[in-house]
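[1] Sequence first, predicted model second:
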Amino acid sequence: VQLVESGGGSVQPGASLRLSCAASGFTFSSYAMGWLRQAPGKEREFVSRITWNGDRTSYADSVKGRFTISRDNAKNTVYLQMDNMKSEDAAVYYCARGSPASGIRDNDVSLYDVWGQGTQVTVSS
């Protein structure tokens, strides 16, 4: 079971970035997927979640309207499109597999049971 993130980098405020997460070793289309992040000195926090078939998405208030989560089950990949980025978006971003309980409390990081290694996102002018 493996999740591999890519697409991180350094951008200026207001710019866009698209993260990808390739899954393997499990039936990707059967699971909800999430993106979470951790900034230096802070706890890991929920960013976004998408259901197994993509029919429902949820977002942290801090990214709502700026970030978009999507998935391609044929490619076993989940994406996070980040637009109008802010300095406070700088963090290591992780994709994670959602347990069934994550549908009840999507912002509970303990309800994501498989994690990638993370990809660094820096936002600065």
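    That came in fine, so what should we check first? Numbers count the residues shown, from 1 in each chain.

[2] Return the distance of the residue positioned nearest the centre of the chain relative to S125.
    In the chain, the centroid-proximal residue (Cα atoms, centre = their mean) is W35; its distance is 1.8 Å. Distance of W35 to S125, computed by Cβ to Cβ, to the nearest Å: 24 Å. In short, each C-beta sits where N, CA and C put it, glycine included.

[3] returning to that earlier point: list the contacts of the residue nearest to the centre of the chain.
    Taking Cβ atoms under 8 Å, 6 or more residues apart in numbering as the criterion, W35 is in contact with L19, C21, V47, S48, R49, I69, V78, L80, Y93, Y94, C95, A96.

[4] which of those are buried?
    Neighbour-count burial (16 or more other Cβ atoms under 10 Å) applied to those gives L19, C21, V47, S48, R49, I69, V78, L80, Y93, Y94, C95, A96.

[5] In three-state terms, label the first one for me.
    Assigned with DSSP: H, G, I helix; E, B strand; the rest coil, L19 falls in the strand class.
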